[in-house]
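got a predicted structure plus its sequence, pasted below:
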Amino acid sequence: MSAQYYVSPEQLMKDRADFARKGIARGRAVITASCIDGIALIAENPSGSLHKIGEIYDRIAFAAVGKYNEFESLRQAGVRYADTRGYSYSRHDVTGRGLASVYAQSLGAVFTAEAKPFEVELAVLELGATPADDTLFSLNFDGSIAEQPGHIIMGGDTPALREAWNAYWTGKDLAAAGIDEVIRAAALVLPGVGEDPGDAHLLEVAMLERTTSTGSHRHFRRLDTPTIARILGAGK
Amino acid sequence: MTELGPGPSFLEHLNRDRPDLLPGTRAVLPADAGAQVPHGTTIVALSYADGIVMAGDRRATMGNVIASRRIEKVFETDSYSVIGIAGAAGLAIDIAKLFTVELEHYEKIEGTRLSLDGKANRLASMIRSNMPMALQGMSVVPLFAGFDTFSGTGRIFSFDITGGLYEEVEHHSIGSGSPYARGALKKLWQPGLGATAAVHVAVEALYDAADDDSATGGPDTVRGLWPVVYTVDATGAHRVEDAILADMAADIIATRTASGRES
């Protein structure tokens, strides 16, 4: 018979949290911020096809850092949740709060019950009529959830990024800024990317547009590399 | 072998996890059930220089009764395709709605749009799965059309209740008024039509269908109800505004009144 060693719950949870934190810090960062034109989602991501940012529903977007296979399965589950809800009830009944809360439950359950916690951090963003009405939820690997005012920074060296981001916006109003300025600020803050059009391919950028040009109910729009390059170049 | 997830299909996800949400049932219906639910009637589609036009009248009938004067039977399924439905209206609208979610779901999961052929094949399999209902008088026969971004042309697809998929050229019509609409289209359609001319042809074909088929509604000047018309071209699907349709309907009525003939 194999002996069962006693491990205190505190130690067990701490070990799991340390493990997850290490995995997340290894990856590159994502910045999401709510501004006058909508919600900007900017990720440092040299891959053009393995996205860290995705559309969930009409006014809801998703951003993640950590292990790709883990957050990709969470993103797909989120799309299925939202589409099923919208199909069986109505498009208006799909809310960011509802989605964030099922993510929190599922992350929490995996953290305590499974052999290995998810090595991911998520953001669920819901567009409102004005920047003040936007809701930005951040979700941690252990299922803890928080509503953040204005912006969310995840992954990489988060404290350093947060400091650089706050320094940039000191004396400026993020809620009144245009999308172009937010993208340029993020490019400045993210390590490994500069405010240079040549670095556009290192960025993955999408936005939840407050007003869509086509009048479509889907507000999520991905910006292609030439558009990002133009925005970065216009800052000079 | 490792089992993969439900994949990019919303329909497959519902089949697997929420079969209660699927349209229709496997119930055995009474023999005359088909006459007791509203039926949608005529849809026309035609190609023009830049893409396709699809139009549907606004009537649903239940036997000899007009069930609805303002039903809408043409829907935008995604930014490059539209569907028009004829047959049991409730089921048909559900299938159109499910098909719309299916396309959007695929796009979000995969990050790319389905090809136009892929969309038509998906729809064909949805119609096929409705066959048990179709055999009991609840048939749903759509007309699907869109802009093929690979070939840069507009294309039209028709279906039968067994899920048969047929590509149509130039123009096509489905529903009870379709023989008359098709006759009109044969005379009115010309290669290389402009968008406005093509919309005019679609509205006039529906007018002819309504003239001879009691289940097809003509332009309703009393209530201000006009056909639902969409154009789809390289810039996407656009619904034609009521004001334009009202003018076209008025023009057709005026021309026919002035001619003072039986046709």
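Happy to help now that I have it. Numbering: from 1, shown residues only, chains lettered A, B, ... in the order given.

read off the pLDDT value for B:T25.
pLDDT recorded at B:T25 is 61.

ok, B:E3 next?
67.

ditto for A:M1
The confidence metric pLDDT takes the value 58 at A:M1.

figure out how far the longest helix along chain B is from the centre of its chain.
Longest helix in chain B, counting residues (DSSP state H): helix B:89-110. On the basis of C-alpha atoms, centre = their mean, to the nearest Å, helix B:89-110 is displaced by 14 Å from the centre of the chain it belongs to.

I'd like to know which elements it is packed against.
Here helix B:89-110 touches strand A:53-57, helix A:68-88, helix B:10-17, strand B:39-40, strand B:74-78, strand B:81-88, helix B:116-129, strand B:140-148, going by 3 or more C-beta pairs under 8 Å, 6 or more residues apart in numbering or on different chains; DSSP states H and E. (Glycine included, C-beta is placed from N, CA and C.)

tell me the angle of it relative to strand B:140-148?
40 degrees (axes from the mean of the first three to the mean of the last three C-alpha atoms, to 10 degrees).

show the average pLDDT along helix B:89-110.
Mean predicted lDDT for helix B:89-110 stands at 93.

now do stretch A:181-199
Stretch A:181-199 comes out at a mean pLDDT of 89.

give the buried residues for it.
By neighbour count on 16 or more other C-beta atoms under 10 Å in any protein chain shown, the buried set for stretch A:181-199 is A:181-187, A:189-190, A:193, A:195, A:197, A:199.

in helices, which of these appear?
Per DSSP H, these map to helices at A:E181, A:V182, A:I183, A:R184, A:A185, A:A186, A:A187, A:V189.

immediately after the helix or strand bottoming out on mean pLDDT in chain A, which helix or strand?
In chain A, no helix or strand scores lower on mean pLDDT, DSSP states H and E than helix A:9-26, which sits at a mean of 88. Later in the chain than helix A:9-26, the nearest helix or strand by DSSP states H and E is strand A:30-35.

adjacent strands (with direction) for that next one?
strand A:38-44 (antiparallel), strand A:151-154 (antiparallel) (DSSP bridges).

now what about the next helix or strand after the shortest one, what contacts it?
Yep, that's strand A:151-154 we're talking about. Using DSSP H and E, the helix or strand that directly follows strand A:151-154 along the chain is helix A:158-169. Helix A:158-169 is contacted by residues A:A25, A:A29, A:I31, A:H151, A:I153, A:A185, A:A186, A:L188, A:V189, A:L190, A:P191 when judged by C-beta atoms under 8 Å, 6 or more residues apart in numbering or on different chains.

next, A:G108: secondary structure please.
Three-state call for A:G108 (DSSP: H, G, I helix; E, B strand; the rest coil): helix.

how many other residues sit next to it?
Number of residues near A:G108 (other C-beta atoms under 10 Å in any protein chain shown) recorded here: 18.

that older thread, can you tell me which of the strands paired with strand A:30-35 is most buried?
strand A:38-44 (a mean of 27; mean count of other C-beta atoms under 10 Å in any protein chain shown).

mind checking the pLDDT average for that one?
95.

hmm, who's touching it?
For strand A:38-44, using C-beta under 8 Å, 6+ apart, the contacting residues are A:28-34, A:52-53, A:61, A:63, A:65, A:123, A:125, A:127, A:134, A:136, A:156, A:179, A:182-183, A:186-187, A:190-193, A:202-210, A:219.

keeping just the C-alphas, turn that strand into PDB.
Only the C-alpha atoms of strand A:38-44 are listed here, as PDB (Å, rounded to 0.1, in the frame of the first residue of the first chain):
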ATOM      1  CA  GLY A  38     -14.700  51.700 -28.100                       C
ATOM      2  CA  ILE A  39     -12.600  49.100 -26.400                       C
ATOM      3  CA  ALA A  40      -9.100  48.500 -27.800                       C
ATOM      4  CA  LEU A  41      -7.500  45.100 -27.400                       C
ATOM      5  CA  ILE A  42      -3.700  45.000 -28.100                       C
ATOM      6  CA  ALA A  43      -1.500  42.000 -27.800                       C
ATOM      7  CA  GLU A  44       2.100  41.400 -28.400                       C
END
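
any idea how far it is from the chain center?
8 Å.

and for stretch B:17-33?
The answer for stretch B:17-33 is 22 Å, by C-alpha atoms, centre = their mean.

report the buried residues of it.
B:L22, B:P23, B:G24, B:L29.

quick one: the third one from chain A, how far?
According to C-beta to the nearest C-beta, to the nearest Å, B:G24 and chain A sit 15 Å apart.

same question for the second one.
The span separating B:P23 from chain A equals 11 Å under the rule C-beta to the nearest C-beta.

that residue reaches B:V101, doesn't it?
No: taking contacts as C-beta atoms under 8 Å, B:P23 lies outside contact range of B:V101: 11.5 Å.
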